[in-house]
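Participant: Here is the input, now give the coordinates:
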Amino acid sequence: MVKSLARRVLCAIVIGLLPAAVFAAPDFAACSSTFYEGAAPVATAKQPGQRYALCFADFAVLYSGESKTPIYSAEHLTPENLRAARGERRTNVFYEEARLPSDARARLEDYRGSGFDRGHMSPAADRSSPEAMAQSFSLANMVPQAPENNRGVWAKNVERATRNYAMRSSAGVYVLTGPFYTGEHRTIGPDNVWVPDKLFKLVYDPASRKAWCFILDNSDDARVQGVYSYPDLVRIIGMQLLPEDALR
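Facilitator: Numbers count the residues shown, from 1 in each chain. Modelled structure (predicted):
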């Protein structure tokens, strides 16, 4: 009885010393080259749960079955693959991601009549092969995005600016794009897909060891107000996106 009680007390002490939440690194072994040094960011308690690591032909997505959107979508953009992307035709065939459990998927009907675009996190215009182009239209790569934002400022001043820089880079850039939510969030469709309050895009140039970020409201009248530092982004979203030594 005494020994049993002692074991329970010791167990309680050990548990009390553990962190409140421990999150395993997502398994992107099949597409680790998408990430700088093969290190995929680990989501924290600030990001929605039910996480799934999805590898595509030339990008990767950490997806949440709770929000039914990406937590982030990752790309390694080089001058070579962007030149190849110029010859690819958009398929515009959106589809539900069959690799996800049925109750974790966003569905086509969720977006119908919602007033939001199916906004790519890894853009179709970056895709360097027919397979990658088709895969970019997976709903696992989409968030509900304000239409003028998606087709205007985001496409022209964020995605295009990132491609232009990558084309001039010596070794390409690593890009992480995703949504984040502040307070209560809207949802759309029967599956309650979360509508982001804001969107971010992190660009990291390993040659210069510099990183910068775009952060925009998910609204039709959003404007680029300049770029943010990497520490600013980490503070806002509560997640480290790069290895500790990336900026040293």
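
Participant: In which helix or strand does the residue nearest the centre of the chain reside?
Facilitator: Closest to where the C-alpha atoms of the chain average out (CA atoms, centre = their mean) is residue 72, at 1.2 Å. Using DSSP states H and E, residue 72 maps to strand 69-77.

Participant: quick one on the thing from earlier: ok, now how distant is the residue nearest to the centre of the chain from residue 168?
Facilitator: Here residue 72 is placed at a distance of 24 Å from residue 168 (CB to CB, to the nearest Å). The C-beta positions use only the backbone N, C-alpha and C, and glycine is treated the same way.

Participant: Please give the centre-to-centre distance between the helix or strand hosting residue 143 and its chain.
Facilitator: Assigned by DSSP H and E, residue 143 belongs to strand 142-145. How far strand 142-145 lies from its chain's middle: 11 Å, per CA atoms, centre = their mean, to the nearest Å.

Participant: Mind giving me the packing neighbours of it?
Facilitator: Contacts defined by 3 or more CB pairs under 8 Å, 6 or more residues apart in numbering; DSSP states H and E place strand 142-145 against strand 69-77, strand 117-120.

Participant: What strands line up against that strand, and which way round?
Facilitator: Here strand 142-145 has these sheet partners by DSSP bridges: strand 117-120 (antiparallel).

Participant: List of residues touching the partner strand?
Facilitator: Residues from elsewhere that reach strand 117-120 (CB atoms under 8 Å, 6 or more residues apart in numbering): 94, 111, 136-137, 139, 141-147, 149-151, 154, 199.

Participant: right, and the helix or strand after that strand?
Facilitator: Once strand 117-120 ends, the next helix or strand along the chain (criterion: DSSP H and E) is helix 130-135.

Participant: In that next one, which residues are buried?
Facilitator: Neighbour-count burial for helix 130-135 flags 132-135 (criterion: 16 or more other CB atoms under 10 Å).

Participant: hmm, back to that, write the PyMOL selection for whichever of the contacts of strand 117-120 are buried.
Facilitator: In PyMOL, this line selects whichever of the contacts of strand 117-120 come out buried by 16+ other CB under 10 Å:
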select buried, resi 111+136+137+139+141+142+143+144+145+146+149+150+154+199
